[in-house]
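Peer 1: Could you work out the structure for the sequence below:
(chains A and B)
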Number of protein chains: 2
Amino acid sequence: MVDIETVAGLSMKTDSKIVLLVVDGLGGLPSEDTGLTELETASKPNIDKLVGECECGLIDPVALGVTPGSGPSHLALFGYDPTKYEIGRGVLEALGVGFDLGPKDVAARGNFCTVNEEGIVVDRRAGRIPTEKTRELCGLLKDIKVEGAEVMIVPGKIHRFVVVFRGDDLSGDLADSDPQKEGKPPKQVKALSPAAERTARIVNEFIDKARNILKDQHPANMLLLRGFAKHPDIPTMGERFKLRPAAIATYPMYRGVAKLVGMDVLDTGTTFGDEIETLKRHWNDYDFFYVHVKETDSAGEDGNFGRRVEVLEALDRDFPKLLALKPDVLVLTGDHSTPARLKAHSWHPVPVMLWSRWSRRDGLKTFSERECRFGSLGRFPTLGIMPLMLANALKLSKFGA
Amino acid sequence: MVDIETVAGLSMKTDSKIVLLVVDGLGGLPSEDTGLTELETASKPNIDKLVGECECGLIDPVALGVTPGSGPSHLALFGYDPTKYEIGRGVLEALGVGFDLGPKDVAARGNFCTVNEEGIVVDRRAGRIPTEKTRELCGLLKDIKVEGAEVMIVPGKIHRFVVVFRGDDLSGDLADSDPQKEGKPPKQVKALSPAAERTARIVNEFIDKARNILKDQHPANMLLLRGFAKHPDIPTMGERFKLRPAAIATYPMYRGVAKLVGMDVLDTGTTFGDEIETLKRHWNDYDFFYVHVKETDSAGEDGNFGRRVEVLEALDRDFPKLLALKPDVLVLTGDHSTPARLKAHSWHPVPVMLWSRWSRRDGLKTFSERECRFGSLGRFPTLGIMPLMLANALKLSKFGA
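Peer 2: Here you go, the predicted structure:
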């Protein structure tokens, strides 16, 4: 149903402007008290006024029944098949701490741990040492030199950090050093393919030197690495869809994913209102804008139904400012569902509304999970959003004669 | 979602009769005055009476967001994946002028052009010379003999014509002679694969001889060829689906595409009423009838909303004559959308209604883009139409035990 490679081949540059507004974790579940979802509970007159003039539907980020992480679900929205293009855990973690990852980089998730005198892991999280302590320990490790790569260490929250190895011909095809359970020693890092042998030696040299530096610390006297991954080789949205794209997002990870697909990441503030101001300021510089709203997802993960409703209502109040810019194509959707009742990402399809001068008018009364069932777009993979946006922006040439 | 190869493998010959009524460019967009589409505006009591007894849905000719040409969108309706089976530009052009293309033929689009004394193209269209002049010039070229192929030339409109090379082992894998812009000489035709070397020599010999014949003409003193393509190697509908198919269409191109997939092309008149008469006359000779109505598309390309409505209303008046033949399966749909507002083919999905004794009864009130959203067929690729027609005609055996 979605043939993204054919669509990429048909794409052409025009002046029309697309805005993709991604409300993170948008889809919800009915509250057990009221029987209404967050979208159904929120008062959102501006969005509900536009929805009647839109094409609507329900989208599956990866596949029916699959709960996606933020990486794959965003790749799908940006027109990259998430089962084909993978963003490794280490890379996602590096993007999450705001590290400016480049094509020569292999990233891994790190955590401090406690080993006993025999070198056996007795606490994989080193008693969840405070973030401040992790910063201090990362400072001790930052001067480690290894042959063949530059090593960069970025502290994260509590006992977590990110290590990035930068050098020529490095490979992320490595097994974890983390033994996954206590009572075993940290593993030597093994290459999973011949091309990764050299990188494995580099990483093990780093681990040996770190062991030496940490040995007298307590309780964090060792580290574990996992999720080695290289900066993925992804064609940019410019190359692929002839777009000049920009990202407006407040959280590092989303800015990072946008950067991976070649978007310019714009400086912005912390609220949706700030994001609209940024959009306005750069309106003439780009033809594709990804605008990201994070708090719906965080509130979902916290199980905070009311907060999700509030964020949606705030979004609706600023919505007319977005419309005032008169985008040629406007899509409002989410990357996945994060129902407050589930306190987690979920597999439920996400409502989507698309407006353009050329979109059909489904005449729906409100924008919600239930109402979007009746939209003309039907239920389809999130990967279909980019083809629809490009088509409605008249950025696709005809297929065949 | 559609597994056409499996369906082909299950197909079997029966006496039941299928009618596929293709209303070209059927899907529309709401008028900016009334908010209604062409289908919603037309008074069509006969169609709307049947629709309640039908299964309905919305179909995407090639893929979500993709605007198809007539070739691929018809292939999909006939049960051929349009991304797998391609009809080259030259072939489509030859079909469009009614040329009876065979398996040994390579066709190209030609146009007369003007070159200066240095042989540089100064007008790629030779001032758009009148059709009459093109006929005369094609007459001068028709006696050119080349080694290894018979050459046939069919004049088209204004400066355009079609050249067909017929011979053993010819290949369409050739680059254009058209330099695409003025200020450059026509190119030598180059083979794009070793198997096309001999054909390239044949075509270049033809071009050299044509240059000589045209050199004293003005302004059309040279020709350009492009879109070389061979008669595609497509299994017939008989081989593939065990059907005995016939085409009833008034325009050469559609008759040509039908012939490509092995349909018998029946003589008919110029109106839908004539087509129904033809259908009646041949009712006992075939088990699959493709009936094509062109004017909805032409009126759409002209931006003539009112004319589209008239054509639909005329179709509806003759619709009972079609029903009187009592087909076992009747499908009414389009090959793609051609909204009058857009004045072009578009990516919008096309409404479809399917009636058979075995179809479910969706109970829709009218046949339109909006109403078909509520049909039980949902939204699916056009390629799914053939499996549904065959199934409803009880022409598919069971899959597995």
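
Peer 1: and chain A, what are its domains?
Peer 2: As assigned by automatic domain parsing, chain A contains the domains A:4-87+A:234-392, A:92-230.

Peer 1: Take these and lay them out in a markdown table including distance to B:V19.
Peer 2: For every residue, glycine as well, the C-beta is placed using N, CA and C. What follows is the domains of chain A, written out as a markdown table (distance: least, C-beta to C-beta, whole Å):
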| stretch | distance to B:V19 |
| --- | --- |
| domain A:4-87+A:234-392 | 26 |
| domain A:92-230 | 55 |
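
Peer 1: tell me the most buried of those domains?
Peer 2: domain A:4-87+A:234-392 (a mean of 21; mean count of other C-beta atoms under 10 Å in any protein chain shown).

Peer 1: so how far does it reach from one end to the other?
Peer 2: With C-alpha to C-alpha, to the nearest Å applied, domain A:4-87+A:234-392 spans 15 Å between its terminal residues.

Peer 1: Can you pull the phi/psi pair for the closest residue to A:P82 other than its chain neighbours?
Peer 2: Closest residue in space to A:P82, ignoring its immediate chain neighbours: A:P72 at 3.4 Å, by C-beta to C-beta, 6 or more residues apart in numbering or on different chains. Main-chain dihedrals, A:P72, degrees, to the nearest 10: phi -60, psi -40.

Peer 1: What's the nearest residue in the stretch 101-250 of chain A when you look at chain B?
Peer 2: A:F241 (11.4 Å; C-beta to the nearest C-beta).

Peer 1: wait, what's in contact with the residue lying closest to that residue once chain neighbours are set aside?
Peer 2: Of all residues not flanking A:F241 in the chain, A:S11 sits nearest, at 4.6 Å (C-beta to C-beta, 6+ apart). Going by C-beta atoms under 8 Å, 6 or more residues apart in numbering or on different chains, A:S11 touches A:R240, A:F241, A:K242, A:L243, A:L390, A:K395, A:L396, A:S397.

Peer 1: swap in A:F319?
Peer 2: Residues counted as contacts of A:F319 (C-beta under 8 Å, 6+ apart) are A:K44, A:N46, A:I47, A:L50.

Peer 1: same check, this time on A:F288
Peer 2: A:K17, A:I18, A:L20, A:M237, A:F241, A:L243, A:R244, A:P245, A:A246, A:M263.

Peer 1: Indicate the residue of chain A located nearest to chain B.
Peer 2: Closest point on chain A to chain B, by C-beta to the nearest C-beta, is A:P387, at 2.9 Å.

Peer 1: Now do the SS call for that residue.
Peer 2: State at A:P387, reduced to three classes by DSSP: H, G, I helix; E, B strand; the rest coil: helix.

Peer 1: sorry, back to before: so which of the contacts of A:F319 is the closest to B:G57?
Peer 2: Taking C-beta to C-beta as the measure, B:G57 lies nearest A:L50 of the contacts of A:F319, at 26.2 Å.

Peer 1: Verify the stated contact: the residue nearest to A:P82 with A:D81.
Peer 2: No. Applying C-beta atoms under 8 Å as the test, A:P72 and A:D81 come out as separate, 9.3 Å apart.

Peer 1: what's the weakest-modelled helix or strand in chain A?
Peer 2: helix A:89-96 (a mean of 88; mean pLDDT, DSSP states H and E).

Peer 1: Distance to A:V309, secondary structure and pLDDT for the contacts of A:S11 - can I get that in CSV?
Peer 2: Supplementary listing: the contacts of A:S11 in CSV, determined by distance: C-beta to C-beta, whole Å; DSSP: H, G, I helix; E, B strand; the rest coil; pLDDT from 0 to 100:
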residue, distance to A:V309, secondary structure, pLDDT
A:R240, 37, helix, 97
A:F241, 35, helix, 98
A:K242, 39, coil, 98
A:L243, 34, coil, 98
A:L390, 33, helix, 98
A:K395, 36, coil, 98
A:L396, 37, strand, 98
A:S397, 43, coil, 96
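
Peer 1: quick one, strands of chain A?
Peer 2: A:18-23, A:55-60, A:105-115, A:121-123, A:150-155, A:160-166, A:222-230, A:245-248, A:264-265, A:288-293, A:329-333, A:350-356, A:378-381 (DSSP state E).
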